[in-house]
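Trainee: return atomic coordinates for the entry below.
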Amino acid sequence: MVKRPLFFYGWIIVASCAVLMMMHAGVMYSYGVFFKYLVADFGWSRAATSGVYSLFMFTHGVSSVVMGWLVDRFGPASVMLFCGVIAGLGLVLTSQVSALWQLYVTYGLVVGVGLGAHYPTCTATTVRWFVERRGLALGIVTSGVGLGTLLLIPAVEYLIVASSWSTAYFVLGIASWAIMILAALFLRRAPGDVARRSPGMAGPDMPPAVISEAGISLKMAARYRPLWMLCATFFLFNFCLQMVMVHLVNYATDIGIASLIAATFISIIGVGGFIGRLSMGTASDRIGSHNALIICCTILTVTLVFLIFTSELWMFYLFAIVFGFAYGGEVPQLPVLVGRFFGMRAVAALVGTVVFGATIGGALGAWAAGRIFDVTQSYQMAFTIAAVASLATMIITVMLKKAKAVTAGPA
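Mentor: Residues are numbered from 1 along each chain as shown. Modelled structure (predicted):
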């Protein structure tokens, strides 16, 4: 008989990680709101301004691999404290830029490093704390992304309109320091192989759940096809996502929609993402992460085809809520699939590796859309390419379902 604890600390982990993901999303996706103000003040091309975000995505991806490796070895709290300090510093420095190369350094490099730890740290730590209700826990954690886009994007737009883009970045930097550092202090290592009771197990006579660190290393996982299929899936998914998140406000204002209204589209995507993360995170406990991911990829393809023909205000809102659901629903599936294929031994490093692949896709998507606009003065070709890429994502995801787990034996 094992006495059930009065309170399971895993839920504190969930709350802290959700707050961290909220700030991560608010900082990252607010760039689409800052975009036109930067172009207007400095006269940069859209390709050059998109390039800043592309460098950010690349740096973010490299940082995700490194920080995931560090989390596996030194625990989540120290890594997140370091990254919280770096992210806030990068944003404060960004508020003072006066040349394009400075923005590449402060936002593209410094903020990219600072935000690199968030997703692998938060999802891997949550996966390790939970056996039962893992999908629900991940859904709550990643729903922080939806809250970030819902709450912080309008706040950023308001600050820019009321004062300036420089003030908005400075305030965002101070807020990042305060919130990220505080949330990081509550992070703890999972109990590991120590037997403990997991929430959601029925009955006092049930044996305690054991979190196993069994699995394979990153080096060994690289020898197997599922890792590269996961990288390809999230590369293409994020290619489509960042095209939309960086350029949707631009597209809407180009056709005559006011900037304050256009900024709400990103918030509505956040609402859809919040719903998608909770519902598809919970659903994955019942239907499996593969099936949940296939559903999200299918919805993504349909919404991107719809975006090609979107021109009315109601169409933008419909697109935003459904697209957000698809985008949000795929996020909790990544760490579960990594754990299923490769085990828990190097889960943070493996999640970071897949995130790196995703950020390369996002960097390419954000830059490509800006470049296509500069050449054609339209986003139609960019959104068509995104629709085709999302169809390829769905096909790879279906193929991934047939792949077998490779969790035996250390490297």
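Trainee: restrict the lowest-mean-pLDDT helix or strand in the chain to CA atoms and write it as CSV.
Mentor: One helix or strand of the chain scores below all others by mean pLDDT, DSSP states H and E: helix 218-221, with a mean of 76. Output of helix 218-221 as CSV, limited to C-alpha atoms (Å, rounded to 0.1, in the frame of the first residue of the first chain):
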residue,chain,number,x,y,z
LEU,A,218,19.6,11.0,-29.6
LYS,A,219,22.6,9.5,-31.5
MET,A,220,20.9,6.1,-31.8
ALA,A,221,17.5,7.6,-32.7
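Trainee: that one - contacts with which helices or strands?
Mentor: Using 3 or more Cβ pairs under 8 Å, 6 or more residues apart in numbering; DSSP states H and E as the contact definition, the elements that helix 218-221 packs against are helix 347-376. C-beta coordinates here come from the backbone N, C-alpha and C atoms, glycine included.
Trainee: ok, and what's touching stretch 85-93?
Mentor: For stretch 85-93, contacts defined as Cβ atoms under 8 Å, 6 or more residues apart in numbering pick out 23, 27, 106-107, 109-115, 169-170, 172-174, 176-177, 180-181.
Trainee: out of these, list just those in helices.
Mentor: When the contacts of stretch 85-93 are checked against helices (DSSP state H), the matches are 23, 27, 112-115, 169-170, 172-174, 176-177, 180-181.
Trainee: can you flag the buried ones in those?
Mentor: Neighbour counting over those (16 or more other Cβ atoms under 10 Å) leaves 23, 27, 112-115, 169-170, 172-173, 176-177, 180-181 as the buried ones.
Trainee: what would these look like in TSV with pLDDT and distance to residue 267?
Mentor: Formatted as TSV, these follow (pLDDT from 0 to 100; distance: Cβ to Cβ, whole Å):
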residue	pLDDT	distance to residue 267
23	93	16
27	91	15
112	93	24
113	94	27
114	93	23
115	92	20
169	95	19
170	96	22
172	94	16
173	94	21
176	93	19
177	94	24
180	94	21
181	93	26
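Trainee: okay, those residues in JSON lines with distance to residue 335 next?
Mentor: Converted to JSON lines, those look like this (distance: Cβ to Cβ, whole Å):
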{"residue": "23", "distance to residue 335": "19"}
{"residue": "27", "distance to residue 335": "21"}
{"residue": "112", "distance to residue 335": "21"}
{"residue": "113", "distance to residue 335": "21"}
{"residue": "114", "distance to residue 335": "21"}
{"residue": "115", "distance to residue 335": "17"}
{"residue": "169", "distance to residue 335": "31"}
{"residue": "170", "distance to residue 335": "34"}
{"residue": "172", "distance to residue 335": "27"}
{"residue": "173", "distance to residue 335": "28"}
{"residue": "176", "distance to residue 335": "23"}
{"residue": "177", "distance to residue 335": "27"}
{"residue": "180", "distance to residue 335": "20"}
{"residue": "181", "distance to residue 335": "24"}
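Trainee: pick the one among those closest to residue 247.
Mentor: residue 27 (18.0 Å; Cβ to Cβ).
Trainee: help me confirm that the closest one comes into contact with residue 111.
Mentor: Yes. Between residue 27 and residue 111 a contact is recorded at 6.8 Å, counting by Cβ atoms under 8 Å.
Trainee: quick one: low-confidence parts of the protein?
Mentor: When residues are selected by pLDDT under 70, those of the chain lie in 1-6, 192-216, 218, 405, 407-411.
Trainee: helix, strand, or coil at residue 97?
Mentor: coil (DSSP: H, G, I helix; E, B strand; the rest coil).
Trainee: residues contacting it?
Mentor: Residue 97 sits next to 103, 106 when contact means Cβ under 8 Å, 6+ apart.
Trainee: when you give positions from now on, start the count at 25
Mentor: With 25 as the first residue, the last one maps to residue 121.
Trainee: and it, what are its phi and psi?
Mentor: Reported as degrees, to the nearest 10, the phi and psi values for residue 121 are phi -70, psi 150.
Trainee: what's the first helix or strand after the least confident helix or strand of the chain?
Mentor: Sequence-wise, the next helix or strand downstream of helix 242-245 (DSSP states H and E) is helix 249-278.
Trainee: mind listing what's buried in that following helix?
Mentor: Quick answer for helix 249-278 (16+ other Cβ under 10 Å): 250-277.
Trainee: which other helices and strands contact it?
Mentor: For helix 249-278, the packing partners by 3+ Cβ pairs under 8 Å, 6+ apart come out as helix 55-66, helix 70-98, helix 283-311, helix 313-332, helix 337-354, helix 357-366, helix 371-400, helix 404-424.
Trainee: distance of residue 113 relative to residue 50?
Mentor: 17 Å (Cβ to Cβ, to the nearest Å).
Trainee: comparing those two, which residue is more hemmed in?
Mentor: residue 50 (25 against 18; other Cβ atoms under 10 Å).
Trainee: list the contacts for the more buried one?
Mentor: Shown here is residue 50, whose contacts under the criterion Cβ under 8 Å, 6+ apart are 172, 173, 175, 176, 177, 180, 196.
Trainee: need the max-distance pair from those.
Mentor: Largest separation among the contacts of residue 50 by Cβ to Cβ: 173 and 196, giving 13.7 Å.
Trainee: returning to that earlier point: and of the buried ones among the ones in helices among the contacts of stretch 109-117, the nearest to residue 342?
Mentor: residue 51 (27.3 Å).
Trainee: check the gap between that closest one and residue 427 for me.
Mentor: 34 Å.
Trainee: please apply the same query to residue 52.
Mentor: Distance, residue 52 to residue 427, by Cβ to Cβ: 30 Å.
Trainee: show me which of these two is the more surrounded one.
Mentor: residue 52 (24 against 16).
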